[in-house]
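Chemist: Give the three-dimensional model of this entry:
(one chain, ligands or ions: 1)
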Amino acid sequence: MVATYETWAEPLSARLAKAALKGTSVKASDCVLDIGAGTGALSLQVAALGARVTAIDLSSAMVARLNQRLAPYPECKALVMDGEALTFEDSTFDVAFSVLSTTLFSNWSAGLDEAVRVIRPGGWVGIVHWATPEGADIFTILSRALKQLSLPTSSPDVPKLTALMSVHELRAALETRGCEVIDVERIDAPSPLPAPESFMDTLDPIYRRLPTYRSLDEDLRDELRILLAEESRRWIKEDVPAGRTAKAHLAIARRSSRQC
Ligand SMILES: C[S@@+](CC[C@H](N)C(=O)[O-])C[C@H]1O[C@@H](n2cnc3c(N)ncnc32)[C@H](O)[C@@H]1O
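Modeler: Purely as a prediction, here's the structure:
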């Protein structure tokens, strides 16, 4: 799904990453950690600034692709690593980011503990979490289409995000970890969308990660393809103009200079 992610998800995360970068004023020579870096929406922007970025991701396919893209920047690298158990020493980085990653971790709490642990006292942290349970528009559209299919009752639903979706929760989680929160901003996060006629086939590599979708037989897939085309047309005509697209929260904080 790496290529599909790069085409259909990265443009959205690149916008969020740009806002996060602006908030933390990363400068050339800073040591920056990108947690759950994916295909490099943030890492590539940081590398272009002349900072030394270390990107980590649990997916070796994402890491392989990102290392290709970081090749022009010899001081930057991507590593396979679990963001819930980083292998770096305390206070290794000037800045740590998590753009749409800790929001998806099975243990987001460990992810945030680790993000704060590895930045130096006084260092910056930029965290982007989804503000709505379904996250990106492509999943809201899928969820609406699936609701119209007659699925067996045992079918699992589209997973709902639960991690720190309110401004208050995100702020409190960082304060509890010894950070001074500078700001938590709500950001519109609409995704680019494939054409309705090819919506399902284009996004298939991303949707395949969801148990409900994977469990569909050929007949249900054919039905879903039509429903997704209809729902994506409705989304573009009604929801986008009404501003009902995905929202994210960007928290910018500094690790307290006093050790907690
Ligand atoms: C929605 S993507 C975000 C990628 C990138 N930050 C961006 O904004 O485009 C979430 C990423 O987190 C990674 N991920 C999920 N759990 C992880 C974990 N425990 N440790 C490290 N990465 C993880 C996934 O492999 C995926 O690349």
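Chemist: quick one, helices of the stretch 1-150 of the chain?
Modeler: Under the criterion DSSP state H, counting those that start in this stretch, helices of the stretch 1-150 of the chain are mapped to 2-8, 10-24, 43-48, 60-69, 108-117, 137-147.
Chemist: wait, which of those helices is closest to residue 30?
Modeler: In terms of CB to CB, the element of those nearest to residue 30 is helix 43-48, at 8.2 Å. Any C-beta I mention is one placed from the backbone N, CA and C, and that applies to glycine too.
Chemist: Which other helices and strands does that closest one contact?
Modeler: For helix 43-48, the contact count by 3 or more CB pairs under 8 Å, 6 or more residues apart in numbering; DSSP states H and E identifies helix 10-24, strand 31-35, strand 52-57 as packing neighbours.
Chemist: okay, and for this protein, where does confidence drop off?
Modeler: Low-confidence segments of the chain (pLDDT under 70): 152-159, 258-260.
Chemist: swap the cut-off to 50 and go again
Modeler: Scanning the chain for pLDDT under 50 picks out the ranges 259-260.
Chemist: near the ligand, which residues of it?
Modeler: Applying CB under 6 Å from any ligand atom, one finds that the chain approaches the ligand through 9-10, 13, 36-38, 41, 56-59, 62, 82-84, 99-101, 104-105.
Chemist: Please repeat the previous calculation with a cut-off of 5 Å.
Modeler: Proximity of the chain to the ligand (CB under 5 Å from any ligand atom) is limited to residues 13, 36, 38, 41, 57-59, 62, 82-84, 99-101, 105.
Chemist: buried subset of these?
Modeler: Among these, those scoring as buried are 13, 36, 38, 41, 57, 59, 62, 82-84, 99-101, 105 (criterion: 16 or more other CB atoms under 10 Å).
Chemist: so of the residues you listed, which ones are in strands?
Modeler: Counting by DSSP state E, these place 57, 99 in strands.
Chemist: Out of the buried ones among the residues of the chain next to the ligand, which comes closest to residue 219?
Modeler: Of all those, residue 219 sits closest to residue 59, with 31.9 Å by CB to CB.
Chemist: List the backbone torsions phi and psi for the closest one.
Modeler: As for residue 59, its main-chain torsions (degrees, to the nearest 10) stand at phi -90, psi 120.
Chemist: residues contacting it?
Modeler: 38, 80 (CB atoms under 8 Å, 6 or more residues apart in numbering).
Chemist: How about stretch 63-79, which residues are buried there?
Modeler: Within stretch 63-79, judged by 16+ other CB under 10 Å, the buried ones are 63, 65-66, 69-70, 73, 76-79.
Chemist: What values do phi and psi take at the spatially most central residue of the chain?
Modeler: The residue lying closest to the centre of the chain (CA atoms, centre = their mean) is residue 100, at 2.1 Å. Phi and psi for residue 100, reported as degrees, to the nearest 10, are phi 60, psi 30.
Chemist: Numbering from 9 from now on, please.
Modeler: That works, and once the first residue is 9, the last one we named lands at residue 108.
Chemist: Now for residue 211: which residues touch it?
Modeler: 12, 16, 146, 150, 202.
Chemist: what about the helices in the stretch 159-268 of the chain?
Modeler: For the stretch 159-268 of the chain, the helices defined by DSSP H, counting those that start in this stretch cover 175-184, 207-215, 219-222, 226-242.
Chemist: tell me how far the first one is from the chain's mean position?
Modeler: Think helix 175-184. 18 Å (CA atoms, centre = their mean, to the nearest Å).
Chemist: Over to the second one?
Modeler: Relative to the centre of its chain, helix 207-215 is centred 18 Å away, using CA atoms, centre = their mean.
Chemist: Over to the third one?
Modeler: Centre-to-centre, helix 219-222 and its host chain are 21 Å apart (CA atoms, centre = their mean).
Chemist: Neighbour count added to the contacts of residue 211, as TSV?
Modeler: Below are those laid out as TSV (neighbours: other CB atoms under 10 Å):
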residue	neighbour count
12	16
16	20
146	25
150	26
202	18
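Chemist: Next up, the contacts around the closest residue to residue 237 other than its chain neighbours.
Modeler: Residue nearest to residue 237 in three dimensions, not counting chain neighbours: residue 204, with 4.2 Å by CB to CB, 6 or more residues apart in numbering. Going by CB under 8 Å, 6+ apart, residue 204 touches 236-238, 240-241, 244.
Chemist: I'm done for today, thanks for sticking with me.
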